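Visitor: Give me a 3D structure for the following:
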Amino acid sequence: MHLHIPNAALGAGAASHLFRTGDADYDCIVEPLQVVLCQLVLDKLPHIRTVIHKAAVIESDYRNFQLDLMAGEPNYVTTVKENNLIFHLDISKVYWNSRLGTEHARIVDRLCSPFAIGQSGKPTAIAANEVIVYDVFAGVGPFAVPAARLGCRVFANDLNPDSYQWLLRNVQENRSRKKPMQSISCTNMDGRAFIHQVLLPNYWKTVRSDTPPRRYVTIMNLPALAPDFLDAFINRSSVPTNVVTSVNDSCDSSQTFPFNHLPLDMFCYCFLRRNEESEETIKLRIAKALGETASVFTPSESATTSYPKIQAWSLRFVRNVAPYKDMFCAEFQLFLPPPSFEKVDIIDPATKRPRMDNVA
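Guide: Numbering: from 1, shown residues only. Okay, here's the model as predicted:
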């Protein structure tokens, strides 16, 4: 059995998650030795006050996991510094993984660089204030907060009410005179409801404006389920029945949409079982969610007005998650069918749950 003592990169501020390497299980260590090892962490890493062990896999809708307190204080509220930003959180109630810091930075660095289709070299960079970012599963803000500081218009959402509260605090914490972050809105709602109530109405409203944004980015970091949530972009019935939806947002029924409207640039995270599943597996899963076949990835050149369609597809390895499971990011442009203009009720987020806060 070989155990690493976690370093600063793998802890969460003053809380440290004791993890295992190799093929042996942490649980096989007899309890007295567990106590000694965890106490060693406290002794060798003075900034650590709490040592925890993840007792089970994440199965909660809120993406938090059951913890065992192995040593130190039963205090799970902590502060993490990532990519020069400060994040406050309660590790027992929200999801956080410091190993994803590089991934968070990679996506934020690419927000102003549209996907290139049929181009050589790097695409032309665009101004951050011409980019709208929709973070469907925002957590405490590791994508949304740096995107807002960059100057993008950000809509950040999470179902977990604790994550939502920490997200609001982290927006406030990372404000400054030079980076006021006045263009971020935060919501606490189901992911599909967010797509129906917030994302699609904003997208169709702005894409037909006189001065539309130059890029729309959608981040879906819920690897176990994110590809399945793509059905919300096509199927209105996928939204929870207690939510009043609107995709037209006061559309004029006489107005038509150009077939060359800007796509949604998607960053959709997923898991694949190593040696069992492949890129084709996730393609079929995405196609099914969109109500299509795999041909959605290879649209006919003559079918220029066929929607939905996918372009600029790539599948990028992110990290190993378990001995037989890997995390990937599916990156692609999603071209949506223009909305129908039937009369539907428009929910007022300011007066009905779920809440939407323009953090000021």
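Visitor: give me the element the nearest residue to Val140 once chain neighbours are set aside is part of.
Guide: Using CB to CB, 6 or more residues apart in numbering and skipping the chain neighbours, the partner closest in space to Val140 is Trp166 (4.3 Å). To be clear about C-beta, it is placed using only N, CA and C from the backbone, and glycine gets the same treatment. Element membership for Trp166 (DSSP states H and E) is helix 161-173.
Visitor: next structured bit after that helix?
Guide: Immediately after helix 161-173, counting by DSSP H and E, sits strand 184-187.
Visitor: The residue nearest to Val140: what's it in contact with?
Guide: By CB atoms under 8 Å, 6 or more residues apart in numbering, the residues touching Trp166 are Phe87, His88, Leu89, Asp90, Val94, Val140, Gly141.
Visitor: what would the residues you listed look like in CSV with pLDDT and secondary structure?
Guide: Shown next, in CSV, are the contacts of Trp166 (pLDDT from 0 to 100; DSSP: H, G, I helix; E, B strand; the rest coil):
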residue, pLDDT, secondary structure
Phe87, 97, strand
His88, 96, strand
Leu89, 95, strand
Asp90, 94, strand
Val94, 94, coil
Val140, 98, coil
Gly141, 98, coil
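Visitor: so which of those residues comes closest to Phe267?
Guide: Set against Phe267, the nearest of these by CB to CB is Gly141 (15.6 Å).
Visitor: I'd like the mean pLDDT over stretch 41-58, please.
Guide: For stretch 41-58, mean pLDDT is 73.
Visitor: what's the answer for stretch 286-304, then?
Guide: pLDDT averaged over stretch 286-304 gives 80.
Visitor: for stretch 200-207, same thing?
Guide: 94.
Visitor: what does stretch 156-175 give?
Guide: pLDDT averaged over stretch 156-175 gives 98.
Visitor: and it, how far out from the chain's middle?
Guide: Computed by CA atoms, centre = their mean, to the nearest Å, the chain-centroid distance of stretch 156-175 equals 13 Å.
Visitor: Just the C-alphas of it, formatted as CSV.
Guide: This file holds the C-alpha atoms of stretch 156-175, laid out as CSV (Å, rounded to 0.1, in the frame of the first residue of the first chain):
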residue,chain,number,x,y,z
ALA,A,156,-24.2,31.1,-14.3
ASN,A,157,-26.6,28.4,-12.9
ASP,A,158,-26.5,25.6,-10.4
LEU,A,159,-29.2,23.4,-9.0
ASN,A,160,-27.5,23.1,-5.6
PRO,A,161,-28.7,25.9,-3.4
ASP,A,162,-25.4,25.8,-1.4
SER,A,163,-23.4,26.1,-4.6
TYR,A,164,-25.6,29.0,-5.6
GLN,A,165,-25.0,30.9,-2.4
TRP,A,166,-21.2,30.3,-2.6
LEU,A,167,-21.3,31.4,-6.3
LEU,A,168,-22.8,34.7,-5.3
ARG,A,169,-20.2,35.2,-2.6
ASN,A,170,-17.4,34.3,-4.9
VAL,A,171,-18.6,36.9,-7.5
GLN,A,172,-18.5,39.5,-4.8
GLU,A,173,-15.1,38.3,-3.4
ASN,A,174,-13.3,38.6,-6.8
ARG,A,175,-14.6,42.0,-7.7
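Visitor: In contact with the closest residue to Phe297 other than its chain neighbours, which residues?
Guide: What sits nearest to Phe297 in space, not counting adjacent residues and going by CB to CB, 6+ apart, is Ile310, at 5.2 Å. Shown here is Ile310, whose contacts under the criterion CB under 8 Å, 6+ apart are Ile286, Val296, Phe297, Pro299, Phe332, Gln333, Leu334, Phe335.
Visitor: Toward the C-terminus, what is the element adjacent to the helix or strand hosting Ile310?
Guide: If you go by DSSP H and E, Ile310 is part of strand 309-322. Once strand 309-322 ends, the next helix or strand along the chain (criterion: DSSP H and E) is strand 325-335.
Visitor: can the contacts of Ile310 go into JSON lines with extra columns for distance to Tyr203?
Guide: Converted to JSON lines, those look like this (distance: CB to CB, whole Å):
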{"residue": "Ile286", "distance to Tyr203": "19"}
{"residue": "Val296", "distance to Tyr203": "19"}
{"residue": "Phe297", "distance to Tyr203": "22"}
{"residue": "Pro299", "distance to Tyr203": "20"}
{"residue": "Phe332", "distance to Tyr203": "16"}
{"residue": "Gln333", "distance to Tyr203": "13"}
{"residue": "Leu334", "distance to Tyr203": "11"}
{"residue": "Phe335", "distance to Tyr203": "12"}
